[in-house]
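Q: structure, please.
(chains A, B, C and D)
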Protein chains: 2
Amino acid sequence: MARGQARGTVRRRLERPREQVLEAAMEAIAEYGPAEMTMAELARRVGTSGGHVLYYFGSKDRILLETLRWSEEKHVPGRAALLAAGGSAMDRLPAFVELYLPEGAADPRWLLWVHVWGRTLAAPELRDTQAELDLAWHRDLVALLEQGARGGEFAPADLPGFSVRLRAMLDGFSTQIVIGVPGVTREGSLAHAMDYARQALGRPG
Amino acid sequence: MARGQARGTVRRRLERPREQVLEAAMEAIAEYGPAEMTMAELARRVGTSGGHVLYYFGSKDRILLETLRWSEEKHVPGRAALLAAGGSAMDRLPAFVELYLPEGAADPRWLLWVHVWGRTLAAPELRDTQAELDLAWHRDLVALLEQGARGGEFAPADLPGFSVRLRAMLDGFSTQIVIGVPGVTREGSLAHAMDYARQALGRPG
DNA sequence: TCAAAATTTTGAATGACATTCAAAATGATC
DNA sequence: GATCATTTTGAATGTCATTCAAAATTTTGA
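A: Okay, here's the model as predicted:
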């Protein structure tokens, strides 16, 4: 996974340069958006030079991709807790969806997703990481659903298929939320998603 | 709608400059993608100067937005025919979905959608047109569904709500198709969408 | 038909950027 | 502590969208 950034070498000036840069990138993205975040500004924030940031990460695309990964990783514990919590899966599903959706318009994590989508054809090396991050959500959603199925909460169904469909729907809503389409909210999107989920997974009887 | 481009003035050099530019833009986007299409290249294609294209359209954002509109307009007749065709709405729904989805990876219409999403926060003037184009799909989908409901094909339900959910799902699939996520295809996405539709609109009885 | 007025068209700046790179600084190794 | 490897810098480079003043062309009104 790592690529030479962390192979045992000791750092000189910057403490945890990777962390620092990604954190600064996230802040800059929250302020300006991914396209408007410049190497110079990012360098200024971590107290180094633009050239150095690029020496370290290789390209702006890679910085943004690593920032997306870093931002996605923050959700892992929350999802794990949700999976471990026990109880009704259907009752936990809204919390899962809430983790998935953007916090609101201009949520930096989702700004990154949309930005990275737009860069993927030109920079196909972005694809693997996206697939990997997506798979993490898929796995955990399917795991949650399987808990529900095992517990008899809903009829045995094509759970992975449902996960694919639900996440596609959530991607659509998330896109609209993050770019600020008027009238599309986190709450409304959650309601839509749960409407679909209840219909698709409805009680066995 | 028009803004001074077409208020009765006679054109000089270029015949139908708007059409020509948008057509050329579409071709360039199909070849390079929206971000990589340069003003210089676009100008070359229509035999004018980069400065002129911008004099005419104001900004690259506006060109891309107008190109998206132009590209969307091509779907209007197809949708209208579908609505006028009569017969089972559920049977016509797949054709609607096929119109909605990208033709495949790198479909220029969908490259434009994704690109415009990414520009929307920085250029909020893009929002109205997006909403307008989206509304056209929504209206026609609801109209098709209402035909089905009137014909007793499915139980009376929240048709507009279903349209919102289905199109969110289709947006999610379309994004993945257009950026070339491996394994996500037009056919699979159609099947997913119809799976949802049948479940949500299933027979009254 | 012609001259002023209006519009279009050009192409050369401008200013922002990501990226590259050679040189300088710093740290590791023996 | 001298050599080697790595990191860091900051000044080019090259690519763009965008701007703008000047030139070309068309329209208008007599």
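
Q: show me the contacts for the spatially most central residue of chain A.
A: Chain A has A:E72 as the residue nearest its centroid, 4.1 Å off, counting by C-alpha atoms, centre = their mean. Applying C-beta atoms under 8 Å, 6 or more residues apart in numbering or on different chains, we find A:E72 in contact with A:R109, A:L133, A:A136. Where C-beta positions appear, they are placed from N, C-alpha and C, glycine not excepted.

Q: neighbours of whichever residue of chain A sits closest to DNA strand D, just the number please.
A: Nearest to DNA strand D, among the residues of chain A, is A:G51, at 2.1 Å (C-beta to the nearest atom of the strand). A:G51 is flanked by 11 other residues according to other C-beta atoms under 10 Å in any protein chain shown.

Q: if I look at it, how far off is A:M39?
A: A:G51 sits 8 Å away from A:M39, going by C-beta to C-beta, to the nearest Å.

Q: could you do A:A197 as well?
A: The gap separating A:A197 from A:M39 is 43 Å, by C-beta to C-beta.

Q: neighbour-wise, which of these two wins?
A: Between A:A197 and A:M39, A:A197 has the larger neighbour count (other C-beta under 10 Å), namely 22 against 17.

Q: where's the more buried one, which helix or strand?
A: Assignment of secondary structure by DSSP states H and E places A:A197 within helix A:186-201.

Q: list buried residues within the contacts of A:E72.
A: Neighbour-count burial (16 or more other C-beta atoms under 10 Å in any protein chain shown) applied to those gives A:R109, A:L133.

Q: among the contacts of A:E72, which ones lie close to chain B?
A: Among the contacts of A:E72, none lies close to chain B by the criterion of C-beta under 8 Å from any C-beta of the partner chain.

Q: count of residues packed around the nearest residue to A:Y32 once chain neighbours are set aside?
A: Nearest residue to A:Y32, sequence neighbours excluded (C-beta to C-beta, 6 or more residues apart in numbering or on different chains): A:E41, at 7.6 Å. A count of nearby residues for A:E41, using other C-beta under 10 Å, gives 15.

Q: related to what we said a few turns ago, tabulate the contacts of A:E72 (a markdown table), appending distance to DNA strand D.
A: As requested, the contacts of A:E72 are exported to a markdown table (distance: C-beta to the nearest atom of the strand, whole Å):
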| residue | distance to DNA strand D |
| --- | --- |
| A:R109 | 27 |
| A:L133 | 26 |
| A:A136 | 29 |
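
Q: and which of the contacts of A:E72 is nearest A:L126?
A: Using C-beta to C-beta, A:L133 comes nearest to A:L126 of these, at 10.7 Å.

Q: using the three-state scheme, assign that closest one.
A: Here A:L133 is helix, with the state taken from DSSP: H, G, I helix; E, B strand; the rest coil.

Q: and it, what does it touch?
A: Contact analysis of A:L133 by C-beta under 8 Å, 6+ apart lists A:L68, A:R69, A:E72.

Q: try it again at 6 Å.
A: A:E72 (C-beta atoms under 6 Å, 6 or more residues apart in numbering or on different chains).

Q: so what pLDDT did it get?
A: The per-residue pLDDT reported for A:L133 equals 98.

Q: from the middle of its chain, how far away would stretch A:78-85 be?
A: 16 Å (C-alpha atoms, centre = their mean, to the nearest Å).

Q: just the CA atoms of that stretch, as CSV, please.
A: What follows is stretch A:78-85, C-alpha atoms only, in CSV (Å, rounded to 0.1, in the frame of the first residue of the first chain):
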residue,chain,number,x,y,z
GLY,A,78,-17.6,4.5,13.5
ARG,A,79,-18.7,1.8,11.2
ALA,A,80,-17.0,-0.9,13.2
ALA,A,81,-18.7,0.3,16.3
LEU,A,82,-22.0,0.2,14.5
LEU,A,83,-21.4,-3.4,13.4
ALA,A,84,-20.4,-4.4,16.9
ALA,A,85,-23.2,-2.7,18.6
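
Q: I would like the residues contacting it, please.
A: For stretch A:78-85, the external contacting residues (C-beta under 6 Å, 6+ apart) are A:R92, A:A95, A:F96, A:L99, A:D140, A:A143, A:L144.

Q: average pLDDT for that stretch?
A: Across stretch A:78-85, pLDDT averages out at 98.

Q: what of stretch A:144-156?
A: 92.

Q: tell me the buried residues in that stretch?
A: Neighbour counts over stretch A:144-156 (16+ other C-beta under 10 Å) mark A:L144, A:L145, A:Q147, A:G148, A:A149, A:E153, A:F154 as buried.

Q: quick one: end-to-end distance for it.
A: Start-to-end span of stretch A:144-156 (C-alpha to C-alpha, to the nearest Å) is 13 Å.

Q: stretch A:34-42 too?
A: Stretch A:34-42: ends 11 Å apart by C-alpha to C-alpha.

Q: is there proximity between it and DNA strand C?
A: Yes. Interface with DNA strand C: stretch A:34-42 contributes A:E36, A:M37, A:T38, A:M39, A:A40 (C-beta under 7 Å from any atom of the strand).

Q: now, those residues that are in strands?
A: If you go by DSSP state E, those have nothing in strands.

Q: what angle do the helix holding A:A197 and helix B:186-201 make?
A: 90 degrees (axes from the mean of the first three to the mean of the last three C-alpha atoms, to 10 degrees).
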